[in-house]
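> My questions are about this predicted structure, shown below with the sequence.
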Amino acid sequence: MQKQARKQITLYSDGSSLGNPGPGGYGGILAFKDKRKEYSGGHAHTTNNRMELQGVIEGLKLLKEPCDVEVVSDSSYVVKAINEWLEGWVRKDFAKVKNVDLWKEYLEVSKPHHVHGRWVRGHNGHPENERCDTLAKNEAERIKATL
């Protein structure tokens with residue numbers, strides 16, 4: 001019996017915070033073939049790095065089966081952590097690492113998937129990255145208006 005090939009998913013994500021820390025938001029797009037799903041959310045008191053990572057976590061949570069996921073982000077922090085640093089952080093039990101709670105959550109939600117990060121320059125006309133930036137900023141502004 002031949003093994004089922006995994007779905008190839010692209011997860012575009014961006015985060016924003018108004019003040020660092022301050023009200024923040026994340027926005028993302030899951031893309032599979034010609035289907036797209038947008039999502040967003042945020043927190044009243046957070047940082048841009050937390051929102052960048054939260055956007056990836058929330059996107060992975062939406063996947064209903066194991067997938068090959070390419071995370072496309074303008075956050076070198078998130079992309080380098082996924083591709084290079086995370087293994088060493090786990091080995092050292094996250095000594096001197098910020099956002100440990102979110103990185104542990106990322107490890108949990110990414111377990112069934114093969115995840116690779118790809119960095120793109122922010123505010124450079126990349127349509128999905130620009131859309132995620134808009135979703136993230138709108139969420140941060142919405143939260144700021146309620147404070």
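All right, it came through fine.
> can we go C-alpha only for contacts and neighbour counts from here?
Fine.
> where exactly do the helices run in the chain?
For the chain, the helices defined by DSSP state H occupy 48-61, 76-80, 86-91, 100-110, 127-146.
> mind checking pLDDT for the residue most central in space within the chain?
Taking Cα atoms, centre = their mean as the criterion, residue 56 is the residue nearest the geometric centre of the chain, at 1.9 Å. Model confidence at residue 56, expressed as pLDDT, equals 98.
> residue contacts, it?
Residues in contact with residue 56 (Cα atoms under 8 Å, 6 or more residues apart in numbering) are 11, 12, 13, 28, 71, 106.
> quick one: it from residue 35, how far?
18 Å (Cα to Cα, to the nearest Å).
> do the same with residue 129
17 Å.
> Of those two, which one has the most company?
Between residue 129 and residue 35, residue 129 has the larger neighbour count (other Cα atoms under 10 Å), namely 24 against 7.
> how much space between the more buried one and residue 60?
From residue 129 to residue 60 the distance is 17 Å (Cα to Cα).
> if we can go back for a sec, please identify the deepest-packed of the helices of the chain.
helix 48-61 (a mean of 23; mean count of other Cα atoms under 10 Å).
> How far away from the center of its chain is it?
For helix 48-61, the separation from the chain centroid amounts to 3 Å (computed by Cα atoms, centre = their mean, to the nearest Å).
> In strands, which of the contacts of residue 56 fall?
11, 12, 13, 28, 71 (DSSP state E).
> export those to JSON lines and tack on pLDDT, distance to residue 137 and neighbour count?
Output for the ones in strands among the contacts of residue 56, formatted as JSON lines (pLDDT from 0 to 100; distance: Cα to Cα, whole Å; neighbours: other Cα atoms under 10 Å):
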{"residue": "11", "pLDDT": "98", "distance to residue 137": "18", "neighbour count": "25"}
{"residue": "12", "pLDDT": "98", "distance to residue 137": "15", "neighbour count": "27"}
{"residue": "13", "pLDDT": "98", "distance to residue 137": "12", "neighbour count": "35"}
{"residue": "28", "pLDDT": "98", "distance to residue 137": "12", "neighbour count": "31"}
{"residue": "71", "pLDDT": "98", "distance to residue 137": "19", "neighbour count": "23"}
